[in-house]
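> Here is my input, please return the structure:
(one chain, ligands or ions: 2)
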Amino acid sequence: MAKEPVRVLVTGAAGQIGYALVPMVARGIMLGADQPVILHMLDIPPAAEALNGVKMELVDAAFPLLKGVVATTDVVEACTGVNVAVMVGGFPRKEGMERKDVMSKNVSIYKSQASALEQHAAPNCKVLVVANPANTNALILKEFAPSIPAKNITCLTRLDHNRALGQISERLNVQVSDVKNVIIWGNHSSTQYPDVNHATVGDKPVRELVKDDEWLNGEFITTVQQRGAAIIKARKLSSALSAASAACDHIRDWVLGTPEGTWVSMGVYSDGSYNVPAGVIYSFPVTCKNGEWTIVQGLAIDEFSRKKLDLTGAELTEEKELAYSCLS
Ligand SMILES: NC(=O)C1=CN([C@@H]2O[C@H](COP(=O)(O)OP(=O)(O)OC[C@H]3O[C@@H](n4cnc5c(N)ncnc54)[C@H](O)[C@@H]3O)[C@@H](O)[C@H]2O)C=CC1
Ligand SMILES: O=C([O-])CC(=O)C(=O)O
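Ligands and ions are numbered 1, 2, ... in the order given. Sure thing, here's the model as predicted:
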């Protein structure tokens, strides 16, 4: 028997990532090749015409799995009945703007969208925040949607995780699918810590194969931390196809499960595991089963890593305080 369609919300759907993401969702890349979907696309009134253009293209693409499209500038209509919400819409930093200006705009967007999701989304809706500052936007969404379980609200660090896999695969000249269990700790920002101490290729530790700790503790980390900026420099636009693909990976693994023996990185509500701050959205290694993520416990953290986990945790605490100051 055919499955019931799943309703997937994409906010900021007229933007760059939205344009790359919606065809992936409609092709079954996010939820599986046998899972029909209904796309809900939200953007703001100035983007309404462009949003309608995206809807026209979705119709023209004749995706067999796509059972309906809602394209709207009305947040309540957009959120009604959605099972998965991918929050890409936000206010980007412009020339001459302070970080606080962007924070205050995004805090107010995520506060109001939190209420709409809480009141109108399907029960147990899974939320992924992509828009920057992704961890803190997700935290605000969690705070203003208290009836949505905290475990249902996450942010995207899978792009950073995939970037780390890509760097190791290029360095070792191995298939990216053979590299496993890198970790992104902390914030989706340049303080994030890409950690290869537990990563493997086949049954061999990445550190043993690379045989260059100076590179792994230096250039590898900064390359992953700065990859977003490098893409902006090259394209004059930020990452879009890789971000859309990572968003699909994040939701697919969350809903359908991670393969045995493999973990992925997700920004989740911190319970203080690994002595990082509790009560912020922090990226951890997680496994997923039956639609739930679990933080991988018991990994050894050496002194070098400890400092990096603490540094990115401190930045998240600072961002949280800044976000709260914008609310008052
Ligand atoms: N977490 C991650 O790994 C990544 C995050 N990003 C972030 O994702 C966000 C989107 O990036 P792009 O698609 O390149 O930007 P974009 O500027 O092309 O698109 C953003 C869209 O959001 C819409 N928007 C603005 N306010 C909105 C609101 N209140 N409700 C609904 N829609 C709204 C805009 O009209 C625009 O269409 C940015 O914040 C970017 O920094 C980008 C790449 C990776
Ligand atoms: O750096 C940016 O502004 C976009 C982003 O988050 C990324 O590519 O990781």
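> For Val69, what are phi and psi?
phi -140, psi 130 (degrees, to the nearest 10).
> if I look at it, how far off is Ala122?
Distance, Val69 to Ala122, by CB to CB, to the nearest Å: 18 Å. Glycine gets a C-beta too; all of them are placed from N, C-alpha and C.
> I'd say Gln175 and Ser169 touch.
Yes. Between Gln175 and Ser169 there is a contact at 6.5 Å, judged by CB atoms under 8 Å.
> More neighbours: which of those two?
Just comparing Gln175 and Ser169: by other CB atoms under 10 Å the higher neighbour count belongs to Ser169, 16 against 9.
> ok now do that one, which residues does it touch?
By CB atoms under 8 Å, 6 or more residues apart in numbering, the contact set of Ser169 is 175-176, 178-179.
> quick one: Val127 and Ile140 touch, right?
No. In this structure Val127 lies outside contact range of Ile140 using CB under 8 Å: 11.8 Å.
> any idea how far Phe304 is from ligand 1?
Going from Phe304 to ligand 1 by CB to the nearest ligand atom, to the nearest Å gives 25 Å.
> do Lys55 as well
As judged by CB to the nearest ligand atom, Lys55 and ligand 1 stand 14 Å apart.
> Number of residues surrounding the residue in the stretch 201-328 of the chain that ligand 2 sits nearest to?
Residue nearest to ligand 2 within the stretch 201-328 of the chain (CB to the nearest ligand atom): Gly228, separated by 2.6 Å. As a burial measure, Gly228 scores 20 neighbours (other CB under 10 Å).
> and what of Asp101?
Asp101 has 14 neighbouring residues, counting by other CB under 10 Å.
> about what we covered before: neighbour count: Val127 and Ile140, which is higher?
Legend: neighbour count by other CB under 10 Å for Val127 and Ile140, higher for Ile140 (27 against 23).
> Reduced to three states, what does the more buried one come out as?
helix (DSSP: H, G, I helix; E, B strand; the rest coil).
> gap between the residue lying closest to it once chain neighbours are set aside and ligand 2?
Distances taken as CB to CB, 6 or more residues apart in numbering place Tyr110 nearest to Ile140, at 4.2 Å, with adjacent residues excluded. As judged by CB to the nearest ligand atom, Tyr110 and ligand 2 stand 16 Å apart.
> Next: Cys155.
Taking CB to the nearest ligand atom, one finds Cys155 at 11 Å from ligand 2.
> Give the bridge partners for that residue, please.
Taking DSSP bridges as the rule, Cys155 bridges to Val129, Gly267.
> Near ligand 1, which residues of the stretch 151-300 of the chain? Just list them.
Contacts of the stretch 151-300 of the chain with ligand 1, taken as CB under 6 Å from any ligand atom, map to 156, 159, 188, 238-240, 243.
> All the helices of the stretch 101-250 of the chain, in order from the start?
With helices called from DSSP state H, counting those that start in this stretch, the stretch 101-250 of the chain shows them at 134-143, 158-172, 206-210, 213-217, 219-225, 227-235, 241-256.
> Where in this structure is the helix or strand with the lowest mean pLDDT?
Ranked by mean pLDDT, DSSP states H and E, the weakest helix or strand in the chain is helix 99-120, scoring a mean of 90.
> Need the residues that contact that helix.
Outside helix 99-120, the residues within contact range by CB under 8 Å, 6+ apart are 11, 75-76, 78-82, 85, 87, 89-93, 125, 127, 129, 131-133, 136-138, 140-148, 319, 322-323, 326-327.
> surely Cys248 meets Met24?
Yes. At 5.1 Å, Cys248 counts as touching Met24 under the criterion of CB under 8 Å.
> Need the overlap of contacts for these two.
Jointly contacting Cys248 and Met24 under the rule CB under 8 Å, 6+ apart are Met30.
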